[in-house]
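Q: the following block contains a protein sequence and its predicted model.
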Amino acid sequence: MSAPAEPTMPAYDPNNIFAKILRGEIPAHTVYEDAETLAFMDVMPQGEGHTLVIPKAPARGLLDAEPASLAALAATVQRVARAVKAAFAADGLTVFQYNEPAGGQTVFHLHVHIVPRHEGVPLRRHEGGMADPALLAGHADRIRAALGA
């Protein structure tokens, strides 16, 4: 009896919105960047300070990412999460990552959400609309300051 075949992953789409941000085709409120990762404000935040961290290497999600890219992503998530928590004097953080439509993923480039949380304040819906760019710019400034940038 042979082992079941692994399901085929859909191909990475180089025209997804995060790939366009990486190429500079779409602006973003960047808070951190290094050779392997980029962190920027979510334009449809579920809370003040909602930040996204992505690898620069193309990966649709967790399952097709190279291990070295995942390691770099995890290090940046930790660094940025510390700054987000400090910048927003948060009581805690919610950190999440979705894979494939059934898992809740809507942008098919690997990304991690970091949302500062305060006791008793629920998360907003992600489809709640675009945030004011000036507000996002101010939030990015606060996070960069907490990073010491």
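A: Cool, got the structure. Numbers count the residues shown, from 1 in each chain.

Q: give me the contact list for stretch 67-78.
A: 32, 34, 36-37, 39, 53-55, 57, 59, 62, 65, 95, 110, 112, 114 (C-beta atoms under 8 Å, 6 or more residues apart in numbering). C-beta: built from backbone N, CA, C; applies to glycine.

Q: mind checking which of the residues you listed are in strands?
A: 32, 37, 39, 53-55, 95, 112, 114 (DSSP state E).

Q: show me which residues of the lengthiest helix in the chain are buried.
A: Longest helix of the chain, by residue count under DSSP state H: helix 67-87. Going by neighbour count (16 or more other C-beta atoms under 10 Å), the buried part of helix 67-87 is 69, 72-73, 76-77, 79-81, 83-85, 87.

Q: ok, and residue 10, which helix or strand is that part of?
A: Residue 10 belongs to no helix or strand when assigned by DSSP states H and E.

Q: tell me the average confidence for stretch 49-64?
A: Stretch 49-64 carries an average pLDDT of 97.

Q: kindly report the same for stretch 92-105.
A: Mean pLDDT, computed over stretch 92-105, is 96.

Q: show me which residues of that stretch are buried.
A: Of the residues in stretch 92-105, 93, 95, 97-99, 105 count as buried by neighbour count, 16+ other C-beta under 10 Å.

Q: roughly how far apart are the most centrally placed residue in the chain and residue 87?
A: Nearest residue to the geometric centre of the chain (C-alpha atoms, centre = their mean): residue 52, 2.2 Å. Distance check for residue 52 against residue 87: by C-beta to C-beta, to the nearest Å, it reads 15 Å.

Q: filter the contacts of stretch 67-78 to the buried ones?
A: 32, 37, 39, 53-55, 57, 59, 62, 65, 95, 110, 112, 114.

Q: element containing the nearest residue to residue 20 once chain neighbours are set aside?
A: Computed as C-beta to C-beta, 6 or more residues apart in numbering, the closest residue to residue 20 that is not its neighbour in sequence is residue 26, at 4.5 Å. In this structure, residue 26 sits in neither a helix nor a strand according to DSSP H and E.

Q: quick check, pLDDT for residue 26.
A: Predicted confidence (pLDDT) for residue 26: 96.
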